[in-house]
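Chemist: Fold the following.
(2 chains)
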Amino acid sequence: EPEVTQTPSHQVTQMGQEVILRCVPISNHLYFYWYRQILGQKVEFLVSFYNNEISEKSEIFDDQFSVERPDGSNFTLKIRSTKLEDSAMYFCASRVTGYTGELFFGEGSRLTVL
Amino acid sequence: SQQGEEDPQALSIQEGENATMNCSYKTSINNLQWYRQNSGRGLVHLILIRSNEREKHSGRLRVTLDTSKKSSSLLITASRAADTASYFCATDSYDAGNMLTFGGGTRLMVKP
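Modeler: Purely as a prediction, here's the structure:
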């Protein structure tokens, strides 16, 4: 069964360092997403990506964050200068269409900022 | 204010009992979905109900949707210890763009 894969599963970094989280969405999906979940809390939308550009972003997704799809398969989230409050689980998700349909999630990348 | 708020925040029941979780939302929706999350894992889709549907079943799951009250409920019948997880409702809305908006979740514990 096709699945969304994420790497790394856990990353520990020092405050101020750059982090890149990687995702391989399901191949025939067109809409890609990053969500964040601080431990035990709600799942927060960060950004959606369609047709090689950002289509929606939340107020959390400030200038420190960026996304790109450097090739036909990978979808990355970059945090330029990490802060303590960026510590969270980051989930990549994809689906065939926007506005409706099931989201397929990866297992997440746990980011710990020290 | 948040789209999709679950009630209760935590629920503890015995195996074999039914579990009911509720979700309220604020704007008009295209559909409402329920997801399950085991501790430390990704979210898994359970069921989707469209805005023109009132009830949907899938195995031991029953979902209702009341668009006049902007609320939904998820019923898990004959619960099992393996149903222990967090359950989230999420809404698709043209007003919100192409993203799915999640609520805070209900933590369900099923005791054997």
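Chemist: alpha carbons only for contacts and neighbour counts from here, please
Modeler: OK.
Chemist: what about stretch A:83-102, distance to the chain center?
Modeler: 5 Å (Cα atoms, centre = their mean, to the nearest Å).
Chemist: I'd like to know how far residue B:18 sits from residue B:76.
Modeler: According to Cα to Cα, to the nearest Å, residue B:18 and residue B:76 sit 6 Å apart.
Chemist: Which one's more surrounded, the two?
Modeler: Each of residue B:18 and residue B:76 has its neighbours counted (other Cα atoms under 10 Å in any protein chain shown); residue B:76 has more, 20 against 15.
Chemist: you'd agree the more buried one is up against residue B:19?
Modeler: Yes - counting by Cα atoms under 8 Å, residue B:76 does reach residue B:19; the two are 5.1 Å apart.
Chemist: Chain neighbours aside, what residue packs nearest to residue 22?
Modeler: Just going to use chain A. Leaving aside its chain neighbours, residue A:22 sits nearest to residue A:76 (4.6 Å; criterion: Cα to Cα, 6 or more residues apart in numbering or on different chains).
Chemist: oops, I was thinking of chain B
Modeler: residue B:73 (4.3 Å).
Chemist: show me what contacts the one you found?
Modeler: With contact set as Cα atoms under 8 Å, 6 or more residues apart in numbering or on different chains, residue B:73 has these partners: B:20-23, B:63-65.
Chemist: Can you name the helix or strand that it falls in?
Modeler: If you go by DSSP states H and E, residue B:73 is part of strand B:71-76.
Chemist: Can I get that strand as CSV, trimmed to CA atoms?
Modeler: Extracted in CSV, the C-alpha atoms of strand B:71-76 (Å, rounded to 0.1, in the frame of the first residue of the first chain):
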residue,chain,number,x,y,z
SER,B,71,-21.5,19.3,15.2
SER,B,72,-20.5,15.7,14.6
SER,B,73,-20.2,12.7,16.8
LEU,B,74,-18.1,9.6,16.5
LEU,B,75,-19.4,6.4,18.1
ILE,B,76,-17.1,3.4,18.5
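Chemist: what's the offset of stretch B:58-66 from the middle of its chain?
Modeler: So, by Cα atoms, centre = their mean, the centroid of stretch B:58-66 is 9 Å from its chain's centroid.
Chemist: can that stretch be found next to chain A?
Modeler: No - counting by Cα under 8 Å from any Cα of the partner chain, chain A is not contacted by stretch B:58-66; separation bottoms out at 14.8 Å.
Chemist: I'd like the average pLDDT over that stretch.
Modeler: Here stretch B:58-66 scores 97 as its mean pLDDT.
Chemist: ok so, going back, between the contacts of residue B:73, which sits nearest chain A?
Modeler: Distances from chain A to these, taken as Cα to the nearest Cα, are shortest for residue B:23 (13.5 Å).
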